[in-house]
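A.B. asks: Here's a sequence, model it:
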Amino acid sequence: MGNKNNIVKRLVRGTRNLGFLRGSLFQILLWPIICLFLGALLWRWTLLNIETDRIATEKNSLQNAESLSYDYAQYLARAIERVDQITLQVKYDWEHSRGKLNLAELSQHGIYRIPQIVNVLIVDRNGVLLTHSFFGPDRRPVSLADRDYFLFHRDDTSNILL
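C.D. replies: Residues are numbered from 1 along each chain as shown. You can find the predicted model right below:
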């Protein structure tokens, strides 16, 4: 009990010492108001900087995406052009070799070592494999006669790739 009485006495003595604050409410509230105002200004400045950075980052991202898409479109155009060139070359060679073209031999000499080309093969109108550019042992695939791309090219005489 004595301990509680000592605490109460100290609190009463402490509040008597704060008597000088009674007439200065304006001074008491001025510093917190100034701090809140400065905090609000700092917060507003931070938000404006974040928005400016977001806009700059978005603009930079759009420019990078545009540049990458242009480069990728150029890459695809070159790849398709190379595939088309090889297709035309194989057609020409096949027609001028009178059916004696050996694609595996040409492939071994590096003719078809292009990342976009996995295999080059020639099939007849029935889907039977005549020659191919596979490496290793002779791996003849199943007949291509039932494949959609084979049926399209068999029935269409244009040079359209599918």
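A.B. asks: Flag the shaky bits of the protein, pLDDT-wise.
C.D. replies: Along the chain, segments meeting pLDDT under 70 span 1-2, 11-23, 114-118, 135-142, 161-162.
A.B. asks: Work out for me the element the residue nearest the centre of it sits within.
C.D. replies: In the chain, the residue lying closest to the centroid (Cα atoms, centre = their mean) is A65, at 9.0 Å. A65 is part of helix 25-97 when elements are defined by DSSP states H and E.
A.B. asks: So which bits of the helix or strand following that helix are buried?
C.D. replies: Going down the chain from helix 25-97, the next helix or strand is helix 103-108, by DSSP H and E. Neighbour counts using 16 or more other Cβ atoms under 10 Å place 103-104, 106-107 of helix 103-108 among the buried residues. Any C-beta I mention is one placed from the backbone N, CA and C, and that applies to glycine too.
A.B. asks: Report the backbone C-alpha coordinates of helix 103-108 in PDB.
C.D. replies: What follows is helix 103-108, C-alpha atoms only, in PDB (Å, rounded to 0.1, in the frame of the first residue of the first chain):
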ATOM      1  CA  LEU A 103      19.400 -35.000 -98.600                       C
ATOM      2  CA  ALA A 104      21.300 -36.900 -95.900                       C
ATOM      3  CA  GLU A 105      24.600 -36.500 -97.800                       C
ATOM      4  CA  LEU A 106      24.000 -32.700 -98.200                       C
ATOM      5  CA  SER A 107      23.000 -32.500 -94.500                       C
ATOM      6  CA  GLN A 108      26.300 -34.200 -93.500                       C
END
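A.B. asks: got a list of contacts for it?
C.D. replies: Here helix 103-108 makes contact (Cβ atoms under 8 Å, 6 or more residues apart in numbering) with 90, 112-113, 120-122, 131-135.
A.B. asks: please redo it, this time with the cut-off set to 10 Å
C.D. replies: 89-90, 93-94, 102, 111-113, 117, 119-122, 130-136, 138 (Cβ atoms under 10 Å, 6 or more residues apart in numbering).
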